[in-house]
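Colleague: Predicted model and sequence below, questions to follow.
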Amino acid sequence: MEVARENKARNQIELFVPGRLCLFGEHSDWAGFYRITNKEIEPGRAIVTGIEQGIHAFAQKAQAFEVFCTLPGMEQHLHCQMELQELREIAAEGGFFSYVAGVASYFKEHYKVQGIQIQIDKMTLPMKRGLSSSAAICVLVARAFNRLYDLHMNTLGEMQAAYRGEQRTPSKCGRLDQACAFGVRPVEMRFDGNDISVGHLRIKGDFYWVFADLNASKDTVKILADLNQCYPVAETEVEQKVWEALGKDNKTIVKQAVTYFQEGDAKKLGELMYQAQDVFDKKVAPASPEELRSPVLHSILKDSTVMRLVYGGKGVGSQGDGTVQFLAKDEVCQNKLVEYLKQEKQMEAYAFTIRQQRSVRKAIIPVAGFGTRMYPETRGVKKEFLPVMDYDGLVKPAILVLLEEMDRAGIEKICLVIGKEDRRNYQEFFEQELSEEHLAKLPEKMRQYEKTILRIGKKLRYVIQEERKGFGHAVYQCRNFTNREPVLLLLGDMLYKSYEERSCVEQLLDAYEDTEKLTVGITETEPEVVSRYGILTGVWLEEQKTMLEVAKMVEKPTKERAEKELRTKMADGREAYLTVFGNYVLTPAVFECLEKNILEQKMTKGEIQLTDALDEVREQYGMRGCRINGRVYDLGNPVSYRETVAEYGK
Ligand code: UTP
């Protein structure tokens, strides 16, 4: 269904941008900005997350700039020429359309773009509740321009464009508002003068958050005016305390919070929320005593029913009696808390859950190849359905082992490139329930596993490769499936074994999070076999020598050429050869390049090659190699198949 809808609207993209909530470090964004004039001030640090509530829209290219809002009760339509003056005027007027026009004017001024048409059809985000609905709409417009005109901005770039756009409106947005661009996942932001850096947080387990409107009042402008008095020079004791709270205390708290998220320690994280509130009350509130006394906030934080359901809680944003946030003990407590706040306290309350999540949500596995090297076996059974014994002792088709690894890494949708004749096989295996008769014969462990198969089956989508024109051609068939998001690519006839706690897929995805560039898994290979593989070399980006800025990639080089040009210095001082491991994170640019090569019939050895496209993208935008701590088992040729069956799963 999904694939059908994406095909129908080939030129239309679908967008969702959430609201954002500052979990820790409020006010340190603007305080860190004062480092421009006074370096004694600590850089700001905050943990910010997108929430589940947000704005949904469809967008496509157009001549003019057009926004349709079809939300019930808010039906509005903006149509204007893609002209700088007109857009800036609409932005300056204020109101709902000022945000979209502000961002559009920014793109008109800085990029060679024409117009776009946006249709906002769903909005689950409450407005004016400290959740930055305005920043969300600005990020949505920035993302639409970026994706539709292939501007190759990364998420930080979209954030900056959204910020500059919003600055053209009368609204006063903060520097951490646009963090919603990163989706429903917490990021750590640092504010040093004009510079902002963003790092993803690694999360273990689930965190059950609740936030609620306190139904009281606060004066954000007054709070900000009072607190800004303490900068850039702290003269009184009260002012020095504010510096301490937003500076070194905040640094300690944010560092602690990062650790607790990583360790999955919700209890300690909750206690830290109470501590952060305490520091705020003791050291920041005295600088704006009328606004920051916050009686409603404090009474709900101390409410005995609430305290039984949560590990901790604190204020939100500028604080005062605006919004409160809690970390509930579990999902049941989260639901009870929302009900309690709604029913007993008449507050608008919302739940959202922070889960282990990544920016790569989708994956591709091409499995349409005939498998010449495994003939005659492939006359009957596809390579990916060959049986291997997994680490849990179950015998599985190889593809299921791969899919489980993706599932564990948090991948939400997986597109398989298959041949026409393969559809039934997959449907029967992944969608059909086992008969009662067979189920009854299975022991409990296997009956449970049956549910895993069907659950993973729900994540699968299929595209048909009509003509076998090679690996690159197979990958290209998933272009619509990607919706211009980065995607994980695994080969259908390989299995991956990690030598550390994180799987090979997780190692690669973690590496991608830090760069947002085309990233390929790499591994060392023996000098004797260099002429069988693609060999790459480049510059290591850190001392441990795990991340490589790839400078050169040569497919199947001669031994002499490899020795002369392709050796790389390893962490232990040896010189070695690096080859692709067999897992990749592809960016939208790779699909553009494949499209061009298909149109121009640019083939190597009679096939559309992925390597050709990767190398072109590397040249234009750069490519990272991530050394994977693990090894690959191949199912694609008889000799390595024998080894895989004997070794894998031991
Ligand atoms: P291979 O290069 O191993 O090709 O493909 P193959 O056809 O499977 O096997 P041989 O070389 O003929 O023995 C690597 C992966 O790409 C898929 C394959 O199914 C395999 O998972 N592939 C390859 C496609 O989906 N379509 C193609 O046109 C080629």
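Modeller: Sure thing, it's come through.
Colleague: In this structure E643 contacts Y633, no?
Modeller: Yes - applying C-beta atoms under 8 Å as the test, E643 and Y633 come out as touching, 7.2 Å apart. C-beta coordinates here come from the backbone N, C-alpha and C atoms, glycine included.
Colleague: With neighbour numbers in mind, choose between these two.
Modeller: The residue with more neighbours, out of E643 and Y633, is Y633; 21 against 11, by other C-beta atoms under 10 Å.
Colleague: Quick check: chain neighbours aside, which residue is closest to the residue of the stretch 51-200 of the chain found nearest the ligand?
Modeller: Ranked by C-beta to the nearest ligand atom, the top residue of the stretch 51-200 of the chain for proximity to the ligand is D150, at 25.8 Å. Leaving out its chain neighbours, the residue that sits closest to D150 by C-beta to C-beta, 6 or more residues apart in numbering is E592, at 6.6 Å.
Colleague: Can you name the helix or strand that the one you found falls in?
Modeller: Here E592 sits within helix 588-599, counting by DSSP states H and E.
Colleague: mind listing what the most centrally placed residue in the chain touches?
Modeller: By C-alpha atoms, centre = their mean, the mean C-alpha position of the chain lies nearest to S359, the distance being 1.6 Å. Each residue near S359 by C-beta atoms under 8 Å, 6 or more residues apart in numbering is listed here: T155, F182, G183, R185, H200, P486, Y512, E513, E516.
Colleague: Would you list the phi and psi of the residue nearest to the third one when sequence neighbours are not counted?
Modeller: Using C-beta to C-beta, 6+ apart and skipping residues adjacent in sequence, the residue nearest G183 is G50, 5.0 Å away. For G50, the backbone dihedrals are phi -70, psi 160 (criterion: degrees, to the nearest 10).
Colleague: What residues are bridge-paired with G50?
Modeller: R20 (DSSP bridges).
Colleague: Touching, it and D177? I think so.
Modeller: No - G50 is beyond contact range of D177, at 11.2 Å (criterion: C-beta under 8 Å).
Colleague: Output the contacting helices and strands for whatever helix or strand G625 lives in.
Modeller: Under the criterion of DSSP H and E, G625 resides in strand 624-627. Contact partners of strand 624-627 among helices and strands, from 3 or more C-beta pairs under 8 Å, 6 or more residues apart in numbering; DSSP states H and E: helix 504-515, strand 519-525, strand 547-555.
Colleague: And the second one, what's buried?
Modeller: Of the residues in strand 519-525, those buried under the neighbour-count criterion (16 or more other C-beta atoms under 10 Å) are T519, V520, G521, I522, T523, T525.
Colleague: first vs last residue of stretch 37-50, how far apart are they?
Modeller: In terms of C-alpha to C-alpha, to the nearest Å, the two terminal residues of stretch 37-50 are separated by 31 Å.
Colleague: can you list the residues of the stretch 251-400 of the chain near the ligand?
Modeller: Taking C-beta under 6 Å from any ligand atom as the contact definition, the stretch 251-400 of the chain meets the ligand at P366, V367, A368, G369, F370, G371, T372, R373.
Colleague: Name the SS class of the last one, please.
Modeller: Pointing back at R373 there. Assigned by DSSP: H, G, I helix; E, B strand; the rest coil, the conformation of R373 is helix.
Colleague: Can you verify my assumption that it contacts D634?
Modeller: No - between R373 and D634 there is no contact under C-beta under 8 Å: 10.0 Å.
Colleague: partner residues bridging T519?
Modeller: Using DSSP bridges, the bridge partners assigned to T519 are V585, R624.
Colleague: if I look at it, how far off is the ligand?
Modeller: Distance, T519 to the ligand, by C-beta to the nearest ligand atom, to the nearest Å: 19 Å.
Colleague: Look at that residue and report its pLDDT.
Modeller: Here the pLDDT value assigned to T519 is 97.
Colleague: Pretty sure it sits against F581.
Modeller: No - if you go by C-beta under 8 Å, T519 and F581 don't touch, sitting 11.0 Å apart.
Colleague: mind listing the strands for the stretch 1-150 of the chain?
Modeller: 13-24, 44-62, 65-69, 76-80, 115-123 (DSSP state E, counting those that start in this stretch).
Colleague: just those strands: most buried one?
Modeller: Of all those, strand 13-24 has the most neighbours on average by mean count of other C-beta atoms under 10 Å, namely a mean of 24.
Colleague: Just name whatever secondary elements it is in contact with.
Modeller: If you count contacts as 3+ C-beta pairs under 8 Å, 6+ apart, strand 13-24 packs onto strand 44-62, helix 133-148, helix 250-263, helix 266-279.
Colleague: helices or strands up against the last one?
Modeller: Packing partners of helix 266-279 (3+ C-beta pairs under 8 Å, 6+ apart): strand 13-24, strand 207-213, helix 250-263, strand 310-315, strand 323-328.
Colleague: Can you list the buried residues in the longest one?
Modeller: Put plainly, it is helix 250-263. Buried residues in helix 250-263, counting neighbours by 16+ other C-beta under 10 Å, are found at N250, K251, I253, V254, Q256, A257, V258, Y260, F261.
Colleague: What pLDDT does the model give the last one?
Modeller: Spelled out, that is F261. Looking at F261, its pLDDT reads 95.
Colleague: which residues touch it?
Modeller: Residues in contact with F261 (C-beta under 8 Å, 6+ apart) are I47, P186, L201, R202, I203, K204, F207, L269.
Colleague: Pull the most distant pair out of these.
Modeller: Maximum pairwise distance among the contacts of F261 (C-beta to C-beta): 15.2 Å, between I47 and K204.
Colleague: Could you report the pLDDT at R129?
Modeller: Per the predicted model, pLDDT is 63 at R129.
Colleague: still on that earlier bit, to C138, which of the strands of the stretch 1-150 of the chain lies closest?
Modeller: Nearest to C138, of the strands of the stretch 1-150 of the chain and by C-beta to C-beta, is strand 13-24 at 8.9 Å.
Colleague: Could you check stretch 495-510 against the ligand for contacts?
Modeller: No - on the criterion C-beta under 6 Å from any ligand atom, stretch 495-510 is out of touch with the ligand, staying 11.9 Å away.
Colleague: Can you get me the start-to-end distance on that stretch?
Modeller: Start-to-end span of stretch 495-510 (C-alpha to C-alpha) is 19 Å.
Colleague: Can you mark which positions in it are buried?
Modeller: For stretch 495-510, burial by neighbour count (16+ other C-beta under 10 Å) applies to L495, Y496, S498, R502, S503, C504, V505, E506, Q507, L508, L509, D510.
Colleague: What of stretch 349-366?
Modeller: Residues 349-352, 354, 356-366 are the ones in stretch 349-366 that count as buried (16+ other C-beta under 10 Å).
Colleague: That stretch: how far from the chain's middle?
Modeller: How far stretch 349-366 lies from its chain's middle: 7 Å, per C-alpha atoms, centre = their mean, to the nearest Å.
Colleague: end to end, how far does it reach?
Modeller: Terminal-residue distance, stretch 349-366 (C-alpha to C-alpha): 44 Å.
Colleague: picking up where we left off before, what is in contact with G50 and D177 at once?
Modeller: In contact with both G50 and D177: R20, using C-beta under 8 Å, 6+ apart.
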